[in-house]
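S.K.: Generate a structure from the sequence data that follows.
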Amino acid sequence: MTDETWRGWREATERALYGPGGFYLRPEGPAGHFRTSVHASPLFAGAVARLLAEVAEELGTDEVDLVDVGAGRGELLAGVLAATAGSGLAVRAYAVERAGRPDGLDPRVEWTDRPPRGARGLLFANEWLDNLPVDVAEADAAGTVRYVEVLPDGAERLGAPVSGADAEWLERWWPLREPGARAEIGRPRDEAWAAAVASLAAGRAVAVDYAHVRGSRPPFGSLTGFRAGREVPPVPDGSRDLTSHVALDACAAASSGGADTELVTQREALRRLGVTGDRPPLALASTDPAGYVRALSSAGEAAELTARGGLGDFLWLTRRVPGPPARGQADG
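M.R.: This next block holds a predicted model:
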């Protein structure tokens, strides 16, 4: 029997992505349908490993936690553990994911459905917030802002007026003034990010995502779908990913932003971590041809990770969480 129930986009997305037979619970995982920075190049995991080492140094310890929120099938954790092998850094790795633990994952990785409390180290959320379900709002012909309701086949209608905390969020972060203007109500993402930051006892929390800030909001929202590597219409039937860009400045404010918070492009963040995309000197081709080919390949991968108009335009939200020195370090 066809499901003809009208639902808000938040409820419909939750069912489509995480309900029985949902998109994110399928065996192939997200990598079977779209390519993130983690899948684009091992340089990304290497950069996160260097960031983790920076955090460990700040905390004055060689034992550090790495919490990967929205871990997919553990690809990033596997890459970071490989990159830190032999470095003297002891990494306690946590994969936070609603899907089940995949076969063959490094046994050092603890698989959990929520961030561990009291972690000391780096909490890293790569393309997590954009997949947290949110409601969609649209201003009707009279200017009243209403929830958008949807059927499993993607048909839409306008529902009840937006009210309460959702209305307050829109007025502060994404006001809709013109008939037909749309927005994704990011309040659940703000709350999820604030909770993730609060789980850290000390260290840094980093969210990396498709994002926008006040002054550059898309006038008709950004909700879309992905399936088998292609962008497709957003239909909440479980056959595709459903995603929308993140109002990351609102998330920053929700986690007590200020001096401890920074928002930069991926291009800038990765350059700081040594991923530049600079081509190797041509002279290397004659002195070390194989080395030149490897360096050229690496430069190409780095260029993709930092490209304008692509992955380089992702935003990195960093929240520093100061804490007491590690045990045994207070008098060091």
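S.K.: any idea how far Ala78 lies from Ala71?
M.R.: 10 Å (Cβ to Cβ, to the nearest Å). C-beta: built from backbone N, CA, C; applies to glycine.
S.K.: When those two are compared, which one has more neighbours?
M.R.: Ala71 (30 against 22; other Cβ atoms under 10 Å).
S.K.: where does Ala183 land in three-state SS?
M.R.: strand (DSSP: H, G, I helix; E, B strand; the rest coil).
S.K.: pretty sure it contacts Val134?
M.R.: No - checked against Cβ atoms under 8 Å, the pair Ala183 and Val134 is beyond contact range at 9.4 Å.
S.K.: more neighbours, these two?
M.R.: The residue with more neighbours, out of Ala183 and Val134, is Ala183; 29 against 24, by other Cβ under 10 Å.
S.K.: Who are the contact partners of that one?
M.R.: Shown in contact with Ala183 (Cβ atoms under 8 Å, 6 or more residues apart in numbering): 136-138, 170, 174, 176, 217, 221.
S.K.: Let's see if you can find the most crowded of those.
M.R.: In terms of neighbours by other Cβ under 10 Å, these top out with Ala137 at 27 neighbours.
S.K.: Just the ones of the contacts of Ala183 in helices?
M.R.: Counted as lying in helices by DSSP state H, out of the contacts of Ala183, are Leu170.
S.K.: how many neighbours does the residue lying closest to Ala78 once chain neighbours are set aside have?
M.R.: Nearest residue to Ala78 in three dimensions, chain neighbours excluded: Asp106, at 5.9 Å (Cβ to Cβ, 6 or more residues apart in numbering). Neighbourhood size, Asp106 [other Cβ under 10 Å]: 12.
S.K.: swap in the one 5 residues further on?
M.R.: Here the count is done by other Cβ under 10 Å, and Trp111 has 17 residues near it.
S.K.: ok, which stretches of the stretch 151-300 of the chain are strands?
M.R.: Secondary structure of the stretch 151-300 of the chain (DSSP state E, counting those that start in this stretch): strands at 156-161, 182-185, 200-209, 211-212, 224-227, 230-232, 241-243, 246-247, 261-265.
S.K.: among those strands, which is nearest Gly60?
M.R.: Gly60 sits nearest to strand 200-209 of all the strands of the stretch 151-300 of the chain, at 10.1 Å, using Cβ to Cβ.
S.K.: now that closest one: mean pLDDT?
M.R.: Mean pLDDT, computed over strand 200-209, is 97.
S.K.: Partner strands of it, with direction?
M.R.: As defined by DSSP bridges, the strand partners of strand 200-209 come to strand 119-126 (parallel), strand 315-321 (antiparallel).
S.K.: Name the residues that touch the first one?
M.R.: For strand 119-126, contacts defined as Cβ under 8 Å, 6+ apart pick out 36-38, 48, 51-52, 55-56, 59, 61, 64-70, 76, 92, 94, 115, 193, 196-197, 199-209, 323, 326.
S.K.: and if we set it to 7 Å?
M.R.: Defining contact as Cβ atoms under 7 Å, 6 or more residues apart in numbering, one finds that strand 119-126 is touched by 36-38, 48, 51-52, 55-56, 59, 64-70, 76, 115, 196, 199-208, 323, 326.
S.K.: So, low pLDDT: which residues of the stretch 1-150 of the chain?
M.R.: Applying pLDDT under 70 to the stretch 1-150 of the chain flags the ranges 1-2, 27-35, 40-41.
S.K.: if we go to 80?
M.R.: For the stretch 1-150 of the chain, the stretches with pLDDT under 80 are 1-3, 26-37, 39-41.
S.K.: now the strands for it?
M.R.: Assigned by DSSP E, counting those that start in this stretch, the stretch 1-150 of the chain shows strands spanning 7-8, 63-69, 90-96, 109-112, 119-126, 135-139, 145-150.
S.K.: List the buried residues for the fifth one?
M.R.: Counting neighbours by 16 or more other Cβ atoms under 10 Å, one finds that the buried residues in strand 119-126 are 119-126.
S.K.: Rebuild those as TSV, extending it with distance to Leu305.
M.R.: Formatted as TSV, these follow (distance: Cβ to Cβ, whole Å):
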residue	distance to Leu305
Ala119	26
Arg120	28
Gly121	23
Leu122	18
Leu123	21
Phe124	15
Ala125	17
Asn126	12
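S.K.: For Asp249, state which of these is nearest.
M.R.: Lowest distance from Asp249 to the buried residues of strand 119-126 (Cβ to Cβ) belongs to Ala125, with 16.1 Å.
S.K.: Not counting its neighbours along the chain, what's nearest that closest one?
M.R.: Computed as Cβ to Cβ, 6+ apart, the closest residue to Ala125 that is not its neighbour in sequence is Val69, at 4.0 Å.
S.K.: how close does that neighbour get to Gly238?
M.R.: To Gly238, Val69 is 23 Å away according to Cβ to Cβ.
S.K.: try Ala192
M.R.: 22 Å.
S.K.: residues in contact with the residue lying closest to Glu262 once chain neighbours are set aside?
M.R.: Counting by Cβ to Cβ, 6+ apart, Glu262 lies nearest to Thr318, which is 4.7 Å off, once chain neighbours are set aside. Thr318 makes contacts with 204, 206, 261-262, as judged by Cβ under 7 Å, 6+ apart.
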